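**Q** A structural model of the following input is requested.
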Amino acid sequence: MSKKVTPYKDSSLNKKKQVEQMFDTISTNYDGLNRVISFGIDVKWRKKVINIISETNPESVLDIATGTGDLAISLAKTGAKEIVGLDLSEGMLSVGRKKIEEEQLTERIKMIQGDSEALPFDDNSFDAISVAFGVRNFENLEKGLSEILRVLKPGGIFVILETSVPTKFPFKQGYQFYSKNLLPLIGKLFSKDKVAYSYLSESAAAFPYGENLNNILHEIGFIEVQHKPQTMGVATIYSASK
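**A** Prediction:
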């Protein structure tokens, strides 16, 4: 199990509320910062997620921790008739709704504020569910994954894109230097929030990745669990079914 990492030192707020406030604060800079801190490679990772989901020909897709809607918008390429993006942060969702309007996808994509650990959907509601760079922000990982299993249809697919830590030299050492030193510095230069990008690197390092996350998914009840490291292991794509 991962150690708990919280964004701020305010003990009066739980992790969920702190994450919500953090992403509200950085919402207007989030897309640009993502491109910078990942050197644009996150676009390639998202395309792989879309390809995996497209193979199942889903009619309904839920994108949890949808943020500003990058993945939700790309999910339109799967041919799904209904796409729902869910996020804690109204600030991120507001940015996403504007992008969806610009793409003329308001009839297919709905953005709603909600809690991944108490999903406002009936059992067996979606053919596919995705989470990109969001599961490490769950306050209770097992509870969030159990909710995802509940609303996923039998035979449906669940895909996670998440940061991970390279294990081989010299990528491990390079990643550690980048995440501890350069990533927070970039965040300070481009964002109003001086804490957010330190939190993002710390939470990535503390999160159970690879086989550890596979084991948790199995314990929750998912089947056909597998993972594929991306770009020397700095990110990983997981897929599972119900």
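**Q** correct me, but Glu147 touches Gly114?
**A** No: Glu147 is beyond contact range of Gly114, at 10.4 Å (criterion: Cβ atoms under 8 Å). For glycine as for every other residue, the C-beta is placed from the backbone atoms N, C-alpha and C.
**Q** more neighbours: which of those two?
**A** More crowded of Glu147 and Gly114, by other Cβ atoms under 10 Å: Glu147, with 21 against 17.
**Q** assign that one to helix, strand or coil.
**A** Following DSSP: H, G, I helix; E, B strand; the rest coil, we place Glu147 in the helix state.
**Q** quick one: it and Phe158, what's the gap?
**A** Applying Cβ to Cβ, to the nearest Å, the value for Glu147 to Phe158 is 11 Å.
**Q** for Glu142, same thing?
**A** Taking Cβ to Cβ, one finds Glu142 at 14 Å from Phe158.
**Q** quick one: which of these two has more around it?
**A** Taking other Cβ under 10 Å, Glu142 and Phe158 do not tie; Phe158 has more neighbours (25 against 13).
**Q** can you give me the distance of that one to Leu182?
**A** When distance is defined by Cβ to Cβ, Phe158 is 32 Å away from Leu182.
**Q** and what of Asp42?
**A** Taking Cβ to Cβ, one finds Asp42 at 16 Å from Leu182.
**Q** these two: which is more packed in?
**A** Higher neighbour count among Asp42 and Leu182: Asp42, with 21 against 13, using other Cβ under 10 Å.
**Q** do you know the pLDDT at Met232?
**A** pLDDT, Met232: 88.
**Q** that one is in contact with Phe171, isn't it?
**A** Yes: using Cβ under 8 Å, Met232 is in contact with Phe171, at 4.3 Å.
**Q** which strand of the protein spans the most residues?
**A** If you go by DSSP state E, the chain has its longest strand at strand 152-163.
**Q** sheet partners, orientation included, of that strand?
**A** strand 126-132 (parallel), strand 235-241 (antiparallel) (DSSP bridges).
**Q** distance between the first one and the chain's centre?
**A** To tie it back to what came earlier, the one meant is strand 126-132. Put simply, strand 126-132 sits 10 Å off its chain's centre (Cα atoms, centre = their mean, to the nearest Å).
**Q** tell me the mean pLDDT over that strand?
**A** The pLDDT scores in strand 126-132 average 98.
**Q** now it - C-alpha only, CSV.
**A** This file holds the C-alpha atoms of strand 126-132, laid out as CSV (Å, rounded to 0.1, in the frame of the first residue of the first chain):
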residue,chain,number,x,y,z
PHE,A,126,-20.8,2.1,-18.9
ASP,A,127,-19.2,0.0,-21.6
ALA,A,128,-15.8,1.6,-20.9
ILE,A,129,-14.2,3.7,-18.2
SER,A,130,-10.9,5.6,-18.3
VAL,A,131,-8.8,7.5,-15.7
ALA,A,132,-5.8,9.4,-16.9
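**Q** okay, now Asn57: neighbour count?
**A** Using other Cβ under 10 Å, Asn57 has 11 other residues around it.
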